[in-house]
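**Q** What follows is a predicted protein model with its sequence.
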Amino acid sequence: MSVSRRSTLAAAGAGLALSHTARSAKVSHQAHEEAVVDKTVADLVQRSKEAHAALMRGDIKKYRERITYTDDFTLMSPFGGKPTRSFELTTERLEAMGRFFKNGTFEQELVQAYGSADMVVLAIIERQHVEVGGLPAQDWPLRVTLVYRREGAEWRLAHRHADPLVKGVSLEKAADLAR
């Protein structure tokens, strides 16, 4: 074998070694990214729990310390109707929201979480026992989807959808609600 052929094969072998090293670095980088996403998801699950527990006690100040909205935030309330947008959530409306809930307890069950570098989606079941809108305290279980988006270094709530269908309803009841 000529020297040039041997050099070519050696260079090809070195390329394979670099390729293996590059693959290992890529796997290591992916593992690091996944660990960061997992920590972010865990932090957002905890933040959501703390914020909504505060809200059920009527503590809108603590709720707002834990949750910040994106400029294009949407809220699909468990009471239905037209979605609320962030520009509608004035200071007065947020303070009224704090007065709407009183003396509540709160538990949260994570059903599923989806995370990436810039977005986290949480599917959760919220279980509240709370006075709502002046009604006596009762259980208010909700199915909830929360969408968080990273803006710079901060994670903000971009969307919340909640419905009271944890226990399920019949087809007839769903049809009645749809009407």
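**A** Done, it's in.

**Q** just to confirm, which helix or strand has D43 in it?
**A** helix 3-56 (DSSP states H and E).

**Q** if you average pLDDT over that helix, what comes out?
**A** Confidence for helix 3-56, expressed as mean pLDDT, is 73.

**Q** just checking, next helix/strand downstream of it?
**A** Following helix 3-56 toward the C-terminus (DSSP H and E): helix 60-66.

**Q** Report the buried residues of that next one.
**A** Within helix 60-66, the residues that count as buried by 16 or more other Cβ atoms under 10 Å are I60, K62, Y63, R64, R66. For the C-beta atoms, the positions are set from N, CA and C on the backbone; glycine is no exception.

**Q** Dump the residues you listed into JSON lines; add distance to F101 as well.
**A** Listed next are the buried residues of helix 60-66 as JSON lines, based on distance: Cβ to Cβ, whole Å:
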{"residue": "I60", "distance to F101": "9"}
{"residue": "K62", "distance to F101": "12"}
{"residue": "Y63", "distance to F101": "9"}
{"residue": "R64", "distance to F101": "14"}
{"residue": "R66", "distance to F101": "15"}
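
**Q** and of those residues, the nearest to A178?
**A** Nearest to A178 among those is Y63, at 31.4 Å by Cβ to Cβ.

**Q** what about that closest one, distance to E172?
**A** From Y63 over to E172 the distance is 37 Å, taken as Cβ to Cβ, to the nearest Å.

**Q** hmm, back to that, kindly reformat the buried residues of helix 60-66 as JSON lines containing distance to P83 and pLDDT.
**A** Formatted as JSON lines, those follow (distance: Cβ to Cβ, whole Å; pLDDT from 0 to 100):
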{"residue": "I60", "distance to P83": "20", "pLDDT": "96"}
{"residue": "K62", "distance to P83": "25", "pLDDT": "97"}
{"residue": "Y63", "distance to P83": "19", "pLDDT": "96"}
{"residue": "R64", "distance to P83": "20", "pLDDT": "95"}
{"residue": "R66", "distance to P83": "22", "pLDDT": "96"}
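
**Q** Please identify the one among the residues you listed that lies nearest to A31.
**A** Nearest to A31 out of the buried residues of helix 60-66 is R66 (Cβ to Cβ; 29.4 Å).

**Q** How about the contacts made by the closest residue in space to that closest one that isn't next to it in sequence?
**A** Among residues not flanking R66 along the chain, A51 sits closest, at 3.6 Å (Cβ to Cβ, 6 or more residues apart in numbering). By Cβ atoms under 8 Å, 6 or more residues apart in numbering, the contact set of A51 is K62, Y63, R66, I67.
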